[in-house]
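Enquirer: I would like to see how this sequence folds:
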Amino acid sequence: MTSARRSPRKGPPLRLLAVVLVCTLIDVAASYQISRWAYGWLPVPASTAAPYVDDLFSLEVGIGAFIFIGCVGFILWSILFSRAEKYDESDGLPIEGNTKLEIIWTVIPFVIVMALASYSIHVNETLATLGPKQKYDVAVNQAPETVATLDATREVGPIEVISRQWSWEFIYPNGVRSSELHLPVNLRANFLLSSNDVIHSFYIPAFRLKQDIIPGSVISYSLTPTKEGRFRLRDAMFSGAYFSQNQTNVIVESEENYDAWLTSTAKLPMVQGLSPGTPLYEKRLREGNRGWATVAPAAPPMVNDPGNPEAPHDS
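Expert: So this is what the prediction gives:
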């Protein structure tokens, strides 16, 4: 008498589903933690725009970490538990035509990309409300604790920002000129950006804002610093041999200190301002002017306050 054949078990593989669920939860937890760490990878936030940019960056890092950990985890799982036997040189099964799987791996990336695009557009629109083309509304997309510290009825400027190869010059409404940018905290500062030669870029990492400066035009731009300190302004656009040296400090201080600086600096005589590329070019000439051809740096601007390039900055 032959024994009856045992019928194959029907239904989902519960053990496999449990393993996948646990691994997914671990992936989510690890990705969330990495997204929190991502805030510390950026310079100190010091403007009203910084929190929105940082949140977007954290979200993108978290999604990227989830995908990366999932892919690496699947590869390691395959290596440990699904690898071929020793000396097995046969080809794998020619699996194709799985419509359900193809739909899944098409829909999921599409949803992720569209969600990121939607959130990015929202962040971009929020940043636009902080710019010069619209009246700044303190009630728009601002946390209550931030709203309480801002005075949206007052503004500073316009401050003329002149970029050249390779130095910065700032001219304030009372005629004061400086090589370092001074700003009062929690007041929106308006700028008129111009270039004397080629394309430059007004970029302050701590503020999370960047604006290219196009020669032959004046660009209206604004930002609101929210943290006192000394931050770095960099030329983020390649503008010639010494563009990496085209940096200066942005000093954010209280409104009282800012007004006092303007008053005292207006009484100072004009002196040569900072021009980091000039000594490098002079060294090149002393050594025979060898290497790739380059233009000579523009003459240092004449300013009331050349600043202190040796002072430490926050970011």
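
Enquirer: helices or strands next to the host helix or strand of R15 in the packing?
Expert: Assigned by DSSP states H and E, R15 belongs to helix 14-37. Contacting helix 14-37 under the criterion 3 or more Cβ pairs under 8 Å, 6 or more residues apart in numbering; DSSP states H and E are the following elements: helix 50-81. No exception for glycine: its C-beta is placed from N, CA and C like everyone else's.

Enquirer: the helix it packs on: how far from the chain's middle?
Expert: Centroid displacement of helix 50-81 relative to its chain, using Cα atoms, centre = their mean, to the nearest Å, is 19 Å.

Enquirer: ditto for stretch 290-309
Expert: Worked out by Cα atoms, centre = their mean, stretch 290-309 lies 27 Å from the chain centre.

Enquirer: returning to that earlier point: so the helix holding R15 versus helix 50-81, what angle?
Expert: 150 degrees (axes from the mean of the first three to the mean of the last three Cα atoms, to 10 degrees).

Enquirer: what lies in contact with helix 14-37?
Expert: S58, L59, V61, G62, I63, A65, F66, I69, G70, G73 (Cβ atoms under 8 Å, 6 or more residues apart in numbering).

Enquirer: buried ones from those residues, can you make that a PyMOL selection?
Expert: A single PyMOL command selects the buried members of the contacts of helix 14-37 (16 or more other Cβ atoms under 10 Å):
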select buried, resi 58+59+61+62+63+65+66+69
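
Enquirer: nearest to F170 among the contacts of helix 14-37?
Expert: S58 (32.7 Å; Cβ to Cβ).

Enquirer: list the residues that contact that closest one.
Expert: By Cβ under 8 Å, 6+ apart, the contact set of S58 is S35, R36, A38, Y39.

Enquirer: if we go to 6 Å?
Expert: The contact partners of S58, taken as Cβ atoms under 6 Å, 6 or more residues apart in numbering, are S35, A38, Y39.

Enquirer: which one of these has the most neighbours?
Expert: S35 (20 neighbours; other Cβ atoms under 10 Å).

Enquirer: per-residue pLDDT, it?
Expert: Per-residue pLDDT puts S35 at 95.

Enquirer: could you find the closest non-adjacent residue to it?
Expert: Nearest residue to S35, sequence neighbours excluded (Cβ to Cβ, 6 or more residues apart in numbering): G62, at 3.1 Å.

Enquirer: roughly how far apart are that neighbour and P13?
Expert: Distance of G62 to P13, given as Cβ to Cβ, to the nearest Å: 30 Å.

Enquirer: picking that back up, roughly how far does the residue nearest to S35 sit from L56?
Expert: Taking Cβ to Cβ, one finds G62 at 11 Å from L56.

Enquirer: and stretch 187-205, what's its mean pLDDT?
Expert: 92.

Enquirer: ok, now stretch 271-278?
Expert: Mean pLDDT, computed over stretch 271-278, is 91.

Enquirer: may I see the buried residues of the helix holding R15?
Expert: D27, S31, I34, S35.

Enquirer: number of residues surrounding A241?
Expert: For A241, the count of nearby residues is 20 (other Cβ under 10 Å).

Enquirer: ranges for the helices of the stretch 201-315 of the chain?
Expert: Counting by DSSP state H, counting those that start in this stretch, the stretch 201-315 of the chain has these helices, from start to end: 255-265, 277-286.

Enquirer: and the shortest one, what does it pack against?
Expert: Packed against helix 277-286, as judged by 3 or more Cβ pairs under 6 Å, 6 or more residues apart in numbering; DSSP states H and E, are no other helices or strands.

Enquirer: just put the buried residues of helix 14-37 in a markdown table and tack on distance to P173.
Expert: Converted to a markdown table, the buried residues of helix 14-37 look like this (distance: Cβ to Cβ, whole Å):
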| residue | distance to P173 |
| --- | --- |
| D27 | 55 |
| S31 | 49 |
| I34 | 46 |
| S35 | 43 |
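
Enquirer: which of the residues you listed sit farthest apart?
Expert: Taking Cβ to Cβ as the measure, the buried residues of helix 14-37 have their most distant pair in D27 and S35, spaced 12.3 Å apart.

Enquirer: quick one: the strands in the chain?
Expert: 155-164, 167-171, 177-178, 181-184, 188-195, 200-204, 209-213, 219-223, 229-235, 247-253, 271-272, 302-303 (DSSP state E).

Enquirer: which residues touch the last one?
Expert: Surrounding strand 302-303, the residues in contact under the criterion Cβ under 6 Å, 6+ apart are R177, S178, S179, M270, G273.

Enquirer: of the residues you listed, just the buried ones, PyMOL syntax please.
Expert: The PyMOL command for the buried members of these (criterion: 16+ other Cβ under 10 Å) is given here:
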select buried, resi 177+178+179+273
